[in-house]
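Asker: The sequence and its predicted three-dimensional model are supplied below.
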Amino acid sequence: MNRIYFDNAATTSLDPEVLETMMPFLTEKFGNPSSIYSYGRETKMAIESARKSVARILKAHPAEIFFTSGGTESSNTAIRAAVRDLGCRHIISSLIEHHAVTHTVEYLANADGVKVSYVKLLPNGHVDLKDLERLLSASSEKTLVSLMHANNEIGNILDIHAVGNLCKTYKAIFHSDTVQTVGHFPFDLRNTAVHFITGAAHKFHGPKGVGLLYINENVRIKPFLYGGSQERNMRAGTENIYGVVGFARALELATENYEKDSAYIGSLKHYMYDALKQKIKGITFNGDVFGESLYTVLNASFPKTEKSEMILFNLDINNICASGGSACTSGAELGSHVIRAINNNPNQIAVRFSFSKHNTKEEIDQVVDKLTELV
């Protein structure tokens, strides 16, 4: 049996068209973009046209788009800069952020004595906006709010406009980890009250190792990496040209096919939900499954039995790729911090299935049959 890949929230396959766009920069167009001769000029031009394309799609200004090594670097840069350069002494975040955010926030709390508050979560995993307003209104110091746009494990989507407007009212800095939504939803950054957002090409069929940091033009921060004058003096180091070109092409393709792909992938999520509910007794689902939620992610909790405890391992033996939480932590048998925060039931085993345009209903049928056997 072929491998069935249901872990697209961890990473996606590289689109052949994206690879084709990258190939010339892996071969004959090898110049250093900082060089003045023709080899350098052509790679420099490629980066700047990629920047313009990304800015156009996100409805931002090209000067607000910075290319990085991925979502982790982007979030680290934004959060550290908010404390170091923008004077934030209080961070409001949540217990279900990606570790790129939670670990950075914990580090700043320990090393710099920054005060940290965690906003309450509703039973369905959404951020309690009333509690967020309470925390903001009570904060006497300059505050950074760092809340993810969509959760990578349960799929819940934050009302980024509501949070942005609250931050505006209380003069707080707003950073949103948008790694799961850039390339999956339309953005209009001109009309979104946010200071920093992040992206990673490998979440939407682009290459790994390239990301995006949007810095609103009204914000001035210092670099995270010092050295050369690349990325308008904001990120030293020779640019990852083929990565940058691949990022822009992947985002263009994702945007062109958004309507079609999102409808199709959403139908797969519905199909699997119905099949699991019908076939497996006692199954429950985590998050706001068909409310404000990613169309790509379905997180199911299986009743804990001797059989289901080894469920991921057994799926893997049967050539089925799924995850227990975030890929970044699946090696550690700690379970998921996200599931712990919203549904701490020791008698359940949570599994995340995440889909792409390459998945099919036939694959879902195979997986559901296998799960019925395993559980």
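Answerer: Perfect, I can see it now.
Asker: Let me see the residues that make contact with whichever strand or helix holds residue 242.
Answerer: If you go by DSSP states H and E, residue 242 is part of helix 241-256. Under the contact criterion Cβ atoms under 8 Å, 6 or more residues apart in numbering, helix 241-256 has outside partners 14-15, 17-19, 21-22, 25-26, 29, 33, 43, 46-47, 49-51, 53-54, 57, 67, 182-184, 186, 199, 201, 204-207, 209-212, 261. All C-beta atoms are positioned from the backbone trio N, CA, C, and that covers glycine.
Asker: Could you do stretch 307-316 as well?
Answerer: Counting by Cβ under 8 Å, 6+ apart, 302, 321-324, 330, 349, 351, 367, 370-371, 374-375 sit against stretch 307-316.
Asker: So residue 153: helix, strand or coil?
Answerer: At residue 153 the chain is in coil, as set by DSSP: H, G, I helix; E, B strand; the rest coil.
Asker: for residue 2, what are its contacts?
Answerer: Residues in contact with residue 2, defined by Cβ under 8 Å, 6+ apart, are residue 319.
Asker: Distance of it relative to residue 88?
Answerer: Applying Cβ to Cβ, to the nearest Å, the value for residue 2 to residue 88 is 49 Å.
Asker: Same check on residue 275?
Answerer: According to Cβ to Cβ, residue 275 stands 46 Å off from residue 88.
Asker: Likewise for residue 163?
Answerer: Residue 163 sits 16 Å away from residue 88, taking Cβ to Cβ as the criterion.
Asker: Kindly report the same for residue 104.
Answerer: On the measure of Cβ to Cβ, residue 104 and residue 88 end up 13 Å apart.
Asker: Can you report how many residues neighbour the residue lying closest to residue 206 once chain neighbours are set aside?
Answerer: Nearest non-adjacent residue to residue 206, counting by Cβ to Cβ, 6 or more residues apart in numbering: residue 250, 3.1 Å away. Neighbour count of residue 250, defined by other Cβ atoms under 10 Å: 26.
Asker: In a strand, residue 83, correct?
Answerer: No: per three-state DSSP, residue 83 lies outside any strand segment and is helix.
Asker: Can you report how many residues neighbour the residue nearest to residue 171 when sequence neighbours are not counted?
Answerer: Computed as Cβ to Cβ, 6+ apart, the closest residue to residue 171 that is not its neighbour in sequence is residue 142, at 7.6 Å. By other Cβ under 10 Å, 15 other residues sit near residue 142.
Asker: Tell me if I'm right that residue 142 and residue 83 touch.
Answerer: No: between residue 142 and residue 83 there is no contact under Cβ atoms under 8 Å: 9.6 Å.
Asker: quick one: common contacting residues for these two?
Answerer: residue 89.
Asker: residue ranges of the helices in the stretch 151-300 of the chain, please?
Answerer: 160-169, 230-233, 241-256, 258-279 (DSSP state H, counting those that start in this stretch).
Asker: okay, those helices, which one's buried deepest?
Answerer: Stretch with highest mean neighbour count among those: helix 241-256 (a mean of 24; mean count of other Cβ atoms under 10 Å).
Asker: could you give the mean pLDDT of it?
Answerer: Helix 241-256 shows a mean pLDDT of 98 in the predicted model.
Asker: pull the CA atoms of it into PDB?
Answerer: Provided in PDB are the C-alpha atoms of helix 241-256 (Å, rounded to 0.1, in the frame of the first residue of the first chain):
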ATOM      1  CA  ILE A 241      17.600  33.100  -3.300                       C
ATOM      2  CA  TYR A 242      16.000  29.900  -4.500                       C
ATOM      3  CA  GLY A 243      14.000  29.800  -1.300                       C
ATOM      4  CA  VAL A 244      12.700  33.400  -1.700                       C
ATOM      5  CA  VAL A 245      11.800  32.800  -5.300                       C
ATOM      6  CA  GLY A 246      10.100  29.500  -4.300                       C
ATOM      7  CA  PHE A 247       8.200  31.300  -1.500                       C
ATOM      8  CA  ALA A 248       6.700  33.800  -3.900                       C
ATOM      9  CA  ARG A 249       5.800  31.300  -6.600                       C
ATOM     10  CA  ALA A 250       4.100  29.000  -4.000                       C
ATOM     11  CA  LEU A 251       2.100  31.900  -2.600                       C
ATOM     12  CA  GLU A 252       1.100  33.000  -6.100                       C
ATOM     13  CA  LEU A 253      -0.200  29.400  -6.900                       C
ATOM     14  CA  ALA A 254      -1.900  29.100  -3.500                       C
ATOM     15  CA  THR A 255      -3.700  32.400  -4.200                       C
ATOM     16  CA  GLU A 256      -4.700  31.600  -7.700                       C
END
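Asker: how far out from the middle of the chain is it?
Answerer: Relative to the chain's own centre, helix 241-256 is displaced by 16 Å; criterion: Cα atoms, centre = their mean, to the nearest Å.
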